[in-house]
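S.K.: just the structure for this:
(one chain, ligands or ions: 1)
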Amino acid sequence: HSGLVDLSFFHDPPDGNLFIAEAKWHVPFPIRRVYFINNLANRAAVRGKHAHRKLQQAIFCINGAFTLHLDDGRTRQRLLLNDPSRGVLLGPMLWHTMSGFSYDCVILVLASARFSERDYIRDYGEFQRLSRSAKSGTRSTRR
Ligand code: TYD
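M.R.: Residues are numbered from 1 along each chain as shown. Got it, this is the predicted structure:
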């Protein structure tokens with residue numbers, strides 16, 4: 001599932017803004033990997049288009065803007081990210097796509113584990129099958 005992550009910040013205009021993400025306090029998982037994406041010169045670029053089996057991430061737009069599309073297999077959501085202090089938690093089993101990048105967009109991602117291609121689900125049909133069976137599994141254990 002997803003949720004919002006609000007960072008601490010110190011605004012010192014015109015001398016800059018400082019933003020802070022601390023594991024546990026701002027981000028509800030130990031941070032084991034950080035990556036960022038820049039140079040989004042192609043306005044038609046579409047990134048993401050996958051879900052993760054176990055990985056938890058927090059995604060931020062630290063400059064510019066982009067649109068984050070989320071799909072948990074049941075509900076779709078579209079979020080405009082344009083505030084460096086406000087990130088979105090990307091829990092496991094959440095199909096996510098990024099698009100509509102401003103030319104100056106910079107994306108920062110904090111992740112709970114090191115890179116593993118095995119953790120990716122890159123096929124939307126497989127994602128739907130897995131999220132459907134996970135959900136019916138959750139229901140049957142609750143009964
Ligand atoms: P990918 O996660 O598919 O990018 P996005 O979701 O932003 O479109 O990653 C793109 C490529 O980079 C892919 O070949 C895997 C590689 N990669 C790593 O090797 N390590 C990493 O930590 C990440 C995030 C990607």
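
S.K.: Leu4 belongs to a strand?
M.R.: Yes. Counting by DSSP: H, G, I helix; E, B strand; the rest coil, Leu4 is located in a strand.

S.K.: identify the residues contacting it.
M.R.: Leu4 makes contact with Arg86, Gly87, Val88, Leu89, according to CB atoms under 8 Å, 6 or more residues apart in numbering. C-beta coordinates here come from the backbone N, C-alpha and C atoms, glycine included.

S.K.: try it again with 10 Å
M.R.: Taking CB atoms under 10 Å, 6 or more residues apart in numbering, we find Leu4 in contact with Ala58, Leu79, Arg86, Gly87, Val88, Leu89.

S.K.: just among these, which is most surrounded?
M.R.: Among those, Gly87 has the most neighbours (other CB atoms under 10 Å), with 27 neighbours.

S.K.: hang on, that one in a strand?
M.R.: Yes. Under three-state DSSP, Gly87 falls within a strand.

S.K.: Ala41 - how many residues pack around it?
M.R.: Neighbour number of Ala41 under other CB under 10 Å is 9.
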